[in-house]
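Asks: Need a 3D model of the following:
(chains A and B)
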Amino acid sequence: MELLIAIMVGVLVAASVYLMLARNVLRFLFGLILISNAANLTIFVSGRLTPEAPPLIPEGADAPIGLVANALPQALVLTAIVIGFGLFAFALMLVYRGYQSLGTLMSDEMRLAEPKEDGR
Amino acid sequence: MSWLLAAPIIIPFATAVLAFLFRNGPEGRWISIIGSVGLLIASGMLMAQVLEDGVVAAQMGEWPAPFGITLVADLLSAVMVVITGITGLAVAIYAVADIEDRLERLGYHALFQVLLAGVCGAFLTGDLFNLYVWFEVMLIASFGLLVLGGRKSQLDGGIKYVTLNLVSTILFLSGIGLLYGMTGTLNMADLHGAVQEVDNPGLLVVVAVMFMIAFGVKAAVFPLFFWLPASYHTPSVAVSAIFAGLLTKVGVYALIRMFTLVFTTDVAFTHTILLWVAGFTMVTGVLGAAAMNDFRRILSFHIVSQIGYMILGLALFTPLAIVGAVFYLVHHIIVKANLFLVAGVARRIAGSTELSAIGGLYKSAPFLAFLFLIPAFSLAGFPPLSGFWAKYVLVQASLDAGAYLIAGVALVVGLLTIYSMTKIWGSAFWKPHPSGMQPKLSSLTARDRAALLIPIASLATLTCVIGLFPEPFVQFAERAAAQLLDPSDYIAAVLGAPADAAGGEGLAALEVTE
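Replies: Numbering: from 1, shown residues only, chains lettered A, B, ... in the order given. The predicted model follows:
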């Protein structure tokens, strides 16, 4: 199971790197979503996968009995998903605003803040 | 005890809420100033506590470390929080005159306070995942501040800043995941012990390099710095100043923390990379600055160059070098924020930050020229200002370590820094204004003049004080460096004495289950 997810992470990263190398900022953002999902899966898998063993503590006990799934990475992933979603929403909005005012999505043509120095 | 540690985070957050509620009136900016004063006082109290008791730690929500979130302050964290308080207050006062009403209504002061909270949180946390969360708090606030107002150049710079920083964040997150997979803990003090027991040290180095790249982007080191000169000159001056002072330094702080506390298993490899990075960062930064023709863009490239010095201190990894890095960090925040503030005044009275479009400031505004010279000379490393001592310690440390080449590079970069400072001096201050106008400080209203000049003068005084009386500051940096190089106090403060480590056995079953 870990191996399968590890391969999936690899594929996601490869696809996202391909997308992020594009000059189109929107493609870059799509790559960013993929790679952030790859990162979330990495965290998930790093806690090792223990199927069919919810981390529940029976009544009267202080600790779970037997081997249970690690709940911490799942909590971390949840946090990371929420934060990632917020940041992505902002980035998407920013790129949209950028497209409206700058009239382009090509990173090469975004030279307003760093204008080319002609004739010098 | 725990309140003392939480206060530098809670105060700015509370201030942010209040400032947001009062964003439509002039109350917002006064709330922001009062909140910043509160932050400065709280950080001072924390500092006093740390100086007295050594490392202070508190477990949030009473969950024992390493399971809960720990807030911890050693001398380095404490001094960084104090500096955040000082810069925050200076910029909050400056913002009264610099930030237009339109931006205030959009929530400038609230975002500014959230930024301060994020920065303080990053300095105080003792948990790696929590550090990630504080980075995000800081980032989202900085995104907002950077594009606030929505001018075209801001959006342009903002897109580059946002996208590149998001990539670094994701790298950081993956690194956290992998490190957790190997060690089963995310508490930094606990990690110090846990990384010694990892069976595959090669994999640990790979993760170390992932962290190095992630923090390297935040700290703007070579070859990862391109977002910085693309964006730092676009927002309002107050925003530029707080970014220049604090943001990259959080990255440097995180590098120092991780590479003294956790990733010390293969110093020969990781810190050699850092040494090369430091050298290239210094050189490319200063060369970039020499090629620029805009006040704020020159200063932006200088941030990059100066980051190199701090990384140099970390890379040499000797006690004296760490002293230099800590001293440099503190000195640099004050000086750099101040230079950006001066650039803002120059723009206000002379009309631009483009060097070819301004001039004559020395003749008609000699006081401003004087206030520029102090931080500019300090940045370049003239005795007796603070930058001289910072550079002196670092060069001395490199010579002691036998790294003559990097010592030479540091000195040459110092010279080139003077070159670009003279470039600003020659064009903005000495040559007459191209349109013949006489930029005068008296063209500002009395209120604006006070709000703009008091922070600049205070920070300049601070630079002089550090420069003229370096003894206590160097001693302080020595103590901080000793704590960093021997983290046993830090670990004892976080995890408690080794004797009661057995208390968490019941919970240990929840740790990595293989």
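Asks: Every contact and neighbour count from this point should use C-alpha atoms.
Replies: Will do.
Asks: outside of the host helix or strand of B:Phe473, which residues touch it?
Replies: Per DSSP states H and E: B:Phe473 is located in helix B:470-485. If you take C-alpha atoms under 8 Å, 6 or more residues apart in numbering or on different chains as the criterion, helix B:470-485 is touched by B:74-76, B:257, B:260-261, B:319-320, B:322-324, B:326-327, B:386, B:389, B:466, B:489-490.
Asks: Which residues in it does the neighbour count mark as buried?
Replies: Across helix B:470-485, burial judged by 16 or more other C-alpha atoms under 10 Å in any protein chain shown covers B:470, B:473-474, B:476-485.
Asks: for it, what is the average pLDDT?
Replies: For helix B:470-485, mean pLDDT is 90.
Asks: Tell me which stretches of chain A form helices.
Replies: Ranges of helices within chain A are A:2-20, A:25-46, A:71-102, based on DSSP state H.
Asks: Out of those, flag the one nearest B:Phe129.
Replies: helix A:71-102 (7.7 Å; C-alpha to C-alpha).
Asks: Which other helices and strands does the closest one contact?
Replies: Where contact means 3 or more C-alpha pairs under 8 Å, 6 or more residues apart in numbering or on different chains; DSSP states H and E, helix A:71-102 is packed against helix A:25-46, helix B:128-147, helix B:152-183.
Asks: Spell out which residues of chain A are next to chain B.
Replies: Residues of chain A found near chain B (C-alpha under 8 Å from any C-alpha of the partner chain) are A:29, A:32, A:35-36, A:39-40, A:42-48, A:50, A:62-64, A:67-71, A:76, A:83, A:87, A:91, A:94-95, A:97-98, A:101-102, A:110-114.
Asks: Narrow those to those that are buried.
Replies: The neighbour count (16+ other C-alpha under 10 Å) marks A:29, A:32, A:35-36, A:39-40, A:42-48, A:50, A:63-64, A:68-71, A:76, A:83, A:87, A:91, A:94-95, A:97-98, A:102, A:110, A:112-114 as buried among these.
Asks: quick one: low-confidence parts of the chain?
Replies: Picking chain A for this. Scanning chain A for pLDDT under 70 picks out A:117-120.
Asks: try chain B instead
Replies: B:1, B:497-514.
Asks: So which residue is smack in the middle of it?
Replies: Nearest to the mean C-alpha position of chain B, by C-alpha atoms, centre = their mean, lies B:Lys249 at 2.4 Å.
Asks: doesn't that residue fall inside a strand?
Replies: No. Per DSSP: H, G, I helix; E, B strand; the rest coil, B:Lys249 lies outside any strand segment and is helix.
Asks: what's the spatially most central residue of chain A in contact with, if anything?
Replies: Centroid-nearest residue in chain A: A:Ser36, 0.9 Å away (criterion: C-alpha atoms, centre = their mean). Shown in contact with A:Ser36 (C-alpha under 8 Å, 6+ apart): A:84, B:170.
Asks: ok, now the one 10 residues further on?
Replies: For A:Ser46, the contacting residues are A:73, B:177-178, B:180-182, by C-alpha under 8 Å, 6+ apart.
Asks: Could you do A:Ile83 as well?
Replies: B:Glu136.
Asks: switch to 10 Å and redo it
Replies: A:Ile83 sits next to A:77, A:89, B:133, B:136-137, B:140 when contact means C-alpha atoms under 10 Å, 6 or more residues apart in numbering or on different chains.
Asks: can you check B:Ala214 too?
Replies: Residues near B:Ala214 by C-alpha under 10 Å, 6+ apart: B:165-175, B:208, B:224, B:251, B:254-255.
Asks: And B:Trp425, by the same measure?
Replies: B:295, B:355, B:359, B:361-362, B:369, B:372-373, B:376, B:419, B:431.
Asks: Compute the number of surrounding residues for residue 54.
Replies: Using chain A here. Here the count is done by other C-alpha atoms under 10 Å in any protein chain shown, and A:Pro54 has 13 residues near it.
Asks: hmm, I had chain B in mind actually
Replies: Residues within reach of B:Gly54, counting by other C-alpha under 10 Å, total 17.
Asks: Can you report phi and psi for it?
Replies: When read as degrees, to the nearest 10, the backbone of B:Gly54 gives phi 80, psi -150.
Asks: Quick check: the closest residue to it other than its chain neighbours vs chain A, distance?
Replies: Residue nearest to B:Gly54 in three dimensions, not counting chain neighbours: B:Asp74, with 6.8 Å by C-alpha to C-alpha, 6 or more residues apart in numbering or on different chains. The gap separating B:Asp74 from chain A is 26 Å, by C-alpha to the nearest C-alpha, to the nearest Å.
Asks: give the contact list for B:Asp74.
Replies: B:46-47, B:50-51, B:53-57, B:123-124, B:480, B:483-484, B:487, B:489-490, B:493.
Asks: Could I have the buried ones of those as PyMOL selection syntax?
Replies: A single PyMOL command is used to select the members of the contacts of B:Asp74 judged buried by 16+ other C-alpha under 10 Å:
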select buried, chain B and resi 46+47+50+51+54+55+56+57+123+124+480+483+484+487+489+490+493
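Asks: For B:Thr272, see how far away A:Ala89 is.
Replies: Separation of A:Ala89 from B:Thr272 (C-alpha to C-alpha, to the nearest Å): 39 Å.
Asks: Does the helix or strand that contains B:Gly285 reach chain A?
Replies: B:Gly285 belongs to helix B:267-291 when assigned by DSSP H and E. No. Figure legend: helix B:267-291 not in contact with chain A (C-alpha under 10 Å from any C-alpha of the partner chain); closest approach 10.7 Å.
Asks: next one: that helix to chain centre, how far?
Replies: In terms of C-alpha atoms, centre = their mean, to the nearest Å, the centre of helix B:267-291 is set 18 Å apart from its chain centre.
Asks: going on from it, what's the next piece of helix or strand?
Replies: Toward the C-terminus, helix B:267-291 is succeeded by helix B:295-316 as the next helix or strand (DSSP H and E).
Asks: Which residue would be the closest one in the stretch 351-500 of chain B to chain A?
Replies: Here the stretch 351-500 of chain B gets closest to chain A at one residue, B:Glu354, 12.4 Å apart by C-alpha to the nearest C-alpha.
Asks: correction: the stretch 1-150 of chain B
Replies: Proximity of the stretch 1-150 of chain B to chain A (C-alpha to the nearest C-alpha) peaks at B:Ile140, 7.0 Å away.
Asks: isn't that residue right next to B:Leu115, touching?
Replies: Yes. With contact defined as C-alpha atoms under 10 Å, B:Ile140 reaches B:Leu115; the gap is 8.2 Å.
Asks: what residues are shared contacts of the two?
Replies: By C-alpha under 10 Å, 6+ apart, the residues touching both B:Ile140 and B:Leu115 are B:Trp134.
Asks: What segments of chain B are strands?
Replies: In chain B, the segments counted as strands under DSSP state E are B:56-59, B:70-73.
Asks: Give me the neighbour count for B:Tyr108.
Replies: If we define neighbours as other C-alpha under 10 Å, then B:Tyr108 has 28 of them.
Asks: Neighbours of the closest residue to A:Met8 other than its chain neighbours, how many?
Replies: Setting aside the residues directly before and after it, A:Met8 is nearest to A:Ala38 in space (C-alpha to C-alpha, 6+ apart), at 8.0 Å. Residues near A:Ala38, counting by other C-alpha under 10 Å, number 24.
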